[in-house]
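Q: fold the following and give me the result.
(one chain, ligands or ions: 1)
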Amino acid sequence: TDTATLGAQGHVPADLPTRIQHYVDGELVDSADGATFDVLDPVSNEVYLQAAAGKAADVDRAVTAARRAFTEGPWPRMLPRERSKVLHRIADIVESRDARLAELESFDSGLPITQALGQARRAAENFRFFADLVVAQADDTFKVPGRQINYVNRKPIGVAGLITPWNTPFMLESWKLGPALATGNTVVLKPAEFTPLSASLWAGIFAEAGLPSGVFNLVNGLGEEAGDALVKHPDVPLISFTGESRTGQVIFGNAAPFLKGLSMELGGKSPAIVFADADLEAAVDATVYGVFSLNGERCTAGSRILVQRDVYDEFVERYAAQAKRVKVGFPHDPDTEVGALVHPEHYDKVMSYVEIGKSEGRLVAGGGRPEGFPAGNFVAPTVFADVPPSARIFQEEIFGPVVAITPFDTDEEALALANDTRYGLAAYVWTNDLKRAHNFSQAVDAGMVWLNSNNVRDLRTPFGGVKASGLGHEGGYRSIDFYTDQQAVHITL
Ligand code: NAD
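A: Numbers count the residues shown, from 1 in each chain. Got it, this is the predicted structure:
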């Protein structure tokens with residue numbers, strides 16, 4: 001049977017649930033109409049559980065609970081220090097369960113287990129970080145001596161709707177839950193339908209940490225149903241969304257009649273620019289990691305590599321050789337560097353780009369299914385060289401282990417190529433020329449630039465994109481700003 005195959009080749013976590021419910025007002029509940037949807041694992045592509053498929057009625061129930069917890073419950077009125085203690089307990093519990101979380105995440109999403117473990121730890125850190133930030137929070141006071149004092153009174157807003165994608169799902173949920181809760185809001189989370197498994201652990205973690213009932217609610221379901229109902233619910237004044245740019249556009253439109261606060265973290269097609277004077281070995285290592293880690297299913301993936309002509313041939317040769325050494329394997333295997341893509345639909349999309357790429361560029365590594373993996377959503381790390389900027393694989397987000405390499409001659413040409421997409425999330429710049437490094441970084445259309453650096457996050461810095469990659473920045477106090485109202489109080493002396 002397939003389960004036997006899985007048992008032999010893949011890995012089935014112990015005590016895997018066979019159904020997942022919603023979590024409303026401290027209770028696990030089914031959908032009002034009893035509807036469910038299938039969840040597959042990406043190695044066997046077999047249905048392994050049924051998740052409750054939330055509709056408008058279920059979302060309404062969750063929002064009502066969250067609204068009551070906001071207007072009547074203790075959470076928004078607690079001292080920041082008290083909320084912070086609960087958040088620290090959440091972080092400790094998450095950290096103490098990192099192995100289990102990683103096992104479930106890896107099984108459900110296909111992420112390599114070692115990388116899933118890193119994401120679980122980062123989720124704990126997200127709670128710690130915002131727990132500390134709200135305690136340290138200072139707000140402005142403006143004085144006109146002898147005449148007036150004006151101060152800022154920061155208030156939680158209400159029920160925050162959190163809508164998250166399937167890539168690194170648990171970590172990205174924590175990135176929204178941490179600041180939304182730290183600031184005293186109550187929440188309804190709608191996790192991605194491809195990967196609801198790790199999110200099902202939140203209810204137990206929050207209850208154990210002492211979060212009051214109704215503060216955290218979770219509704220599973222499809223984007224067009226549960227997500228849509230959350231966006232259109234009049235008692236949800238805030239929507240924090242991470243996902244595709246196309247979905248972001250739909251949500252913008254749907255939220256407009258309600259004049260909601262929106263934070264949008266969207267897609268990317270981020271360039272890595274390698275100048276001839278760069279440390280080539282470091283650049284090859286980092287750009288290989290930058291697009292193949294997390295299976296290439298990473299919003300900030302450096303999926304276009306622009307290389308200066310003087311070192312182009314050498315770079316392509318070294319890059320292709322290294323890409324061929326990247327170890328594709330079963331997600332649970334600690335040696336695996338690229339696992340299985342999340343879902344057969346996504347696999348088909350990525351594979352269609354691999355085929356398109358064959359007529360748009362020169363294939364130098366990968367190009368299809370890796371040997372030894374006749375089933376499951378496995379794609380060999382794929383590298384196309386000589387890709388012109390008009391190519392679809394240069395312009396469109398593939399969100400898999402596929403990279404396009406393009407040569408350039410001058411700094412101006414590199415900048416024009418870097419900016420020649422609708423996206424503007426991240427950029428990676430490799431050069432040893434200090435002046436060029438800073439000038440280029442400042443000119444490139446990207447919300448975040450990593451200079452001679454791997455993608456390493458500092459949670460205090462702004463996170464977000466420009467152009468079609470998003471609107472609004474989170475990270476550090478920007479997250480606190482998004483989840484609070486800053487009321488100005490004016491006093492005449
Ligand atoms: P997606 O847009 O398909 O779905 C994201 C979430 O939105 C899911 O929970 C989905 O159910 C929900 N949704 C879908 N349609 C909806 C609707 N009409 N109304 C309300 N909710 C709806 O994205 P995905 O495929 O899950 O995630 C991959 C995308 O996310 C990529 O484009 C990636 O670049 C992007 N991403 C961006 C960041 C960032 O921080 N900028 C981070 C991670 C992922």
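Q: tell me where the stretch 201-350 of the chain has helices.
A: Counting by DSSP state H, counting those that start in this stretch, the stretch 201-350 of the chain has helices at residues 202-209, 228-231, 245-255, 280-292, 309-325, 344-360.
Q: let me fix that, I meant to ask about the stretch 351-493 of the chain.
A: Taking DSSP H, counting those that start in this stretch to define them, one finds helices in the stretch 351-493 of the chain at 392-395, 411-418, 434-443, 477-482.
Q: what's the mean pLDDT across stretch 209-224?
A: Throughout stretch 209-224, pLDDT has a mean value of 98.
Q: OK, contacts around G146?
A: Taking CB atoms under 8 Å, 6 or more residues apart in numbering, we find G146 in contact with L493. Where C-beta positions appear, they are placed from N, C-alpha and C, glycine not excepted.
Q: what's the answer for Y319, then?
A: V284, T287, V288, I305, V364, A365, V383, I405.
Q: quick revisit: nearest to the ligand, of the helices of the stretch 201-350 of the chain?
A: Taking CB to the nearest ligand atom, helix 245-255 is the member of the helices of the stretch 201-350 of the chain nearest to the ligand, at 3.1 Å.
Q: any part of the closest one near the ligand?
A: Yes - judged by CB under 6 Å from any ligand atom, helix 245-255 comes into contact with the ligand at T247, V250, I251.
Q: quick check: the last one touching L262?
A: Yes - the pair I251 and L262 qualifies as a contact (CB atoms under 8 Å) at a distance of 7.3 Å.
Q: sorry, back to before: just the helices of the stretch 201-350 of the chain: most buried one?
A: Ranked by mean neighbour count, the helices of the stretch 201-350 of the chain are led by helix 228-231 with a mean of 24 (mean count of other CB atoms under 10 Å).
Q: just give me the closest of the residues of helix 245-255 next to the ligand to H343.
A: Lowest distance from H343 to those (CB to CB) belongs to T247, with 15.7 Å.
Q: how close does the closest one get to R325?
A: 35 Å (CB to CB, to the nearest Å).
Q: report the mean confidence score over stretch 162-180.
A: Here the average pLDDT along stretch 162-180 is 98.
Q: could you do stretch 124-139 as well?
A: Mean pLDDT, computed over stretch 124-139, is 97.
Q: what residues does that stretch touch?
A: Contact with stretch 124-139 is made by 80-81, 83-85, 87-88, 90-92, 94-95, 98, 151-154, 171, 174-175, 177-179, 181-183, 459, 476-477, 479-480, 486, as judged by CB under 8 Å, 6+ apart.
Q: if we use 6 Å, what do you get?
A: In this structure, residues lying in contact with stretch 124-139 by CB atoms under 6 Å, 6 or more residues apart in numbering are 80-81, 84, 87-88, 90-91, 94-95, 152, 154, 174-175, 178-179, 182, 459.
Q: buried among the residues you listed? Make that a PyMOL selection.
A: The following PyMOL line selects those of the contacts of stretch 124-139 that are buried, judged by 16 or more other CB atoms under 10 Å:
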select buried, resi 80+84+87+88+90+91+94+95+154+174+175+178+179+182+459
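Q: what's the separation between the residue lying closest to R147 once chain neighbours are set aside and the ligand?
A: Spatially, and ignoring its direct neighbours in sequence, R147 is nearest to L493 (5.8 Å; CB to CB, 6 or more residues apart in numbering). Distance of L493 to the ligand, given as CB to the nearest ligand atom, to the nearest Å: 46 Å.
Q: direction-wise, compare the helix ranked longest in the chain with helix 202-209 and give the angle.
A: Assignment by DSSP state H gives helix 113-136 as the longest helix of the chain. Going by axes from the mean of the first three to the mean of the last three CA atoms, to 10 degrees, helix 113-136 is angled at 50 degrees with respect to helix 202-209.
Q: could you point out which element follows helix 113-136?
A: strand 141-144 (DSSP states H and E).
Q: export that following strand as CSV, just CAs?
A: Output of strand 141-144 as CSV, limited to C-alpha atoms (Å, rounded to 0.1, in the frame of the first residue of the first chain):
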residue,chain,number,x,y,z
THR,A,141,5.0,63.4,24.4
PHE,A,142,5.2,66.8,22.8
LYS,A,143,5.4,69.9,25.1
VAL,A,144,4.9,73.5,24.4
